[in-house]
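Chemist: Quick one, structure for this:
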Amino acid sequence: MATLNASSTLSFTFYLTGIPGYEEFHHWISISFCLLYLVGITGNCTILHVIRTDLRLHEPMYYFLVMLSLTDMGMTLHPMITLFRVLWSIFREIQFNHCVVQMFVIHTFSLTESSVLLAMALDRYVAICHPLRYATILTPKLIIKVGIAALLRSAISLIPVMFRLDFFTFCHSHVLSHSYCLHQDIIHLACADTKFNLIYGLVLIILLWGLDALGILVSYAFILHSVLRISSHEGRLKALNTCASHICVVLILYVPMIGSSIVHRFAKHSSPLFHIFMAHIYLMVPPVLNSIIYSVKTKQIRQAVLQLFLRPTISSVGI
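Modeler: Now for the predicted structure:
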C-alpha cells in the first residue's frame, strides 16, 4: 500500500473487521450488543425522566446523576452506530476524519465521566461531613460550572494527541481490529514516530484519571473518618449506604479502563480477541450497569421508577 502524506490523510479510509474469525456469528453477536445498548439507553432515559419530573429529586446528588447518565449516553451513541453497521455488514469502511471524531467523543466522555464521579464523591463528602452546609455549598450554579469544567477539561486535554494524528502516514495497513475506532488501534498502523502519542496518552491517564481517583480516595477517607464518629450503628450504616451506589459505579468504570489500558500497552502479544473483548467491556458495561445500580440501590430513584411504571397499571385498575 502506498504511503499517505498528511494532505491525503483526511480522505484515507479504514476498514473495521468487527470480531475476526467470528464473521458468521456477527448477526447473533449483534443481538446481545443491541439488547445491552437498549437496556443502557432505557435505564439512563428513565433516570433522566424521573429526576426531571419528581421535584423531590431536585437535589445536588441527583443533578450529578443526570450528568453521569448524559455522559454514558454520549460516550456510546456514536461508536454503537458504527458497531452495528459493521456487525450487520452494512458498511465496514470509515473515513479517517470520522474515525478521529469517534475517538475524540469516546475519550472525551470517558474522561468526563471520571470527573463526574469525582464530583459525586465530593457531593457525598459534603452531605456526610458538612450536612448543614450542603445546600449552601452545592448550589445549582456551582453544579453547572462543575459539569462544564469537567467537559472542557476532557476535550481540551485531548486536542494535542488528536491533532498529531493529522500528520501521521499510514503505509502498513488500513485494517482496524475492532468494531469502532480506538486511538491505540490507529497508532499501531502509523508509519510515523508515535512516541508523543504514546507518552502523552500515558501522562493523560495518570494526571486526569489518576488525580480523579486520588480525589475520590481522599474524599472517602474523610467520609469514613466522619462515619466512624457516629455513635449509632444504624446511623453509620445509613451514611455508608448512601455511598454504596457511587462506589460500585467507580469500580465499574475504573476496572475496565485500567484493564484496557494495561492490555494495549503491556499485553500486545496476547490474543486479538482479548483486546476486542476488553474494548467492548470498556465501552458497554458502565452505561448499562450504572443506571441499574442507581435504580436498585438508591431508594428515592427506585421509588420514583416504580411509581412511573406502576402508575398506568394502578390507573387502569381504578377505571
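
Chemist: From here on, just use CA atoms for contacts and neighbour counts.
Modeler: Will do.

Chemist: how close does D166 get to V101?
Modeler: 12 Å (C-alpha to C-alpha, to the nearest Å).

Chemist: higher neighbour count, these two?
Modeler: D166 (17 against 13; other C-alpha atoms under 10 Å).

Chemist: What's the separation between the residue lying closest to S115 once chain neighbours are set aside and P79?
Modeler: Closest residue to S115 apart from its sequence neighbours, by C-alpha to C-alpha, 6 or more residues apart in numbering: A150 at 5.7 Å. Counting by C-alpha to C-alpha, the gap from A150 to P79 is 21 Å.

Chemist: So which elements touch the one helix or strand V116 maps to?
Modeler: Assessed by DSSP states H and E, V116 sits inside helix 96-129. The contact analysis (3 or more C-alpha pairs under 8 Å, 6 or more residues apart in numbering; DSSP states H and E) places helix 96-129 against helix 60-87, helix 140-165, helix 210-228, helix 233-266.

Chemist: what's the burial count for H225?
Modeler: Neighbours of H225 under the rule other C-alpha under 10 Å: 12.

Chemist: In contact with it, which residues?
Modeler: Applying C-alpha atoms under 8 Å, 6 or more residues apart in numbering, we find H225 in contact with no residue.

Chemist: any weak-confidence spans in this structure?
Modeler: 1-11, 172, 263-272, 311-319 (pLDDT under 70).

Chemist: Just give me the residue right at the centre of it.
Modeler: In the chain, the centroid-proximal residue (C-alpha atoms, centre = their mean) is S110; its distance is 4.2 Å.

Chemist: W209 and T112 touch, don't they?
Modeler: No. At 9.7 Å, W209 does not count as touching T112 under the criterion of C-alpha atoms under 8 Å.

Chemist: higher neighbour count, these two?
Modeler: T112 (28 against 22).

Chemist: gap between the residue nearest to S115 and P286?
Modeler: Taken as C-alpha to C-alpha, the span from A150 to P286 is 18 Å.

Chemist: do the same with R302
Modeler: With distances taken as C-alpha to C-alpha, R302 is found 19 Å from P286.

Chemist: Those two: which has the busier surroundings?
Modeler: Relative neighbour count places P286 above the other of R302 and P286, with 22 against 18, counting by other C-alpha under 10 Å.

Chemist: chain center to the one helix or strand the more buried one maps to, what's the gap?
Modeler: Using DSSP H and E, P286 sits within helix 272-297. Centroid separation for helix 272-297 versus its chain: 9 Å, with C-alpha atoms, centre = their mean, to the nearest Å.

Chemist: again with stretch 112-121
Modeler: Mean C-alpha position of stretch 112-121 versus that of the full chain (C-alpha atoms, centre = their mean) differs by 11 Å.

Chemist: Check which residues of stretch 154-170 are buried.
Modeler: By 16 or more other C-alpha atoms under 10 Å, the buried positions in stretch 154-170 come out as 154-155, 157-158, 161-162, 165-170.

Chemist: mind listing what's buried in stretch 61-80?
Modeler: Buried residues in stretch 61-80, counted by 16+ other C-alpha under 10 Å: 61-76, 78-80.
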